[in-house]
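J.: Dropping a prediction and its sequence here:
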Amino acid sequence: AVEGAILDVADILDGAQGDSVPDLTYDVVIIGSGCGGGVAAATLANAGYSVLVLEKGPYVSPFDMSNIESEMFGQLYEQSSLLTTEDGNVMILAGSGFGGGSAINWG
């Protein structure tokens, strides 16, 4: 298992990690790195389990965050914050990034 690394699945599939593919065998797989996923991952890892956290959104370094929400929509929100219901009547503001809502609402 890879420990303490942020891996981009596309890089692994394209061979950017070199000739060897990392061992992707884990005791637990958690989908989502937000507050719930992060706490669950830390708790399970501290109990000795090997844990893989899958996150759909990108990792954005705190140094790359402007603290101006309109500038961060494209990086921290699903579909750049332009997600709507199928009929277009309701706008949905859904975070999508490493750290989930905690990355958006930390300030």
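T.: Here it is on my side, so go on. Numbers count the residues shown, from 1 in each chain.
J.: Next up, phi/psi of G95, please.
T.: phi -70, psi 150 (degrees, to the nearest 10).
J.: so A103 sits right up against L76, yeah?
T.: Yes - A103 is in contact with L76 according to Cβ atoms under 8 Å; the separation is 6.5 Å. (Each C-beta comes from the backbone N, C-alpha and C, glycine too.)
J.: Quickly list what's touching both of the two.
T.: Residues touching both A103 and L76 (Cβ atoms under 8 Å, 6 or more residues apart in numbering) are V60, G95, G97.
J.: And E86, how close does it get to I92?
T.: 11 Å (Cβ to Cβ, to the nearest Å).
J.: no wait, T84
T.: Separation of T84 from I92 (Cβ to Cβ): 7 Å.
J.: so where's this protein shaky on pLDDT?
T.: For the chain, applying pLDDT under 70 flags the ranges 1-23, 106-107.
J.: all helices of it, in order?
T.: 9-14, 35-46, 69-76, 100-104 (DSSP state H).
J.: Redo the ones you listed as TSV? Include mean neighbour count.
T.: TSV is the format used below for these (neighbours: other Cβ atoms under 10 Å):
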stretch	mean neighbour count
helix 9-14	10
helix 35-46	14
helix 69-76	15
helix 100-104	19
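J.: export those helices to JSON lines and tack on distance to E55?
T.: As requested, the helices of the chain are exported to JSON lines (distance: least, Cβ to Cβ, whole Å):
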{"stretch": "helix 9-14", "distance to E55": "10"}
{"stretch": "helix 35-46", "distance to E55": "8"}
{"stretch": "helix 69-76", "distance to E55": "12"}
{"stretch": "helix 100-104", "distance to E55": "8"}
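J.: Let me know which of those is the nearest to Y26.
T.: The closest of these to Y26 is helix 35-46. By Cβ to Cβ, the value is 9.8 Å.
J.: what does the closest one rub up against?
T.: Contacts for helix 35-46 (Cβ under 8 Å, 6+ apart): D27, V28, I30, I31, S33, V51, V53, G99, G100, G101, S102.
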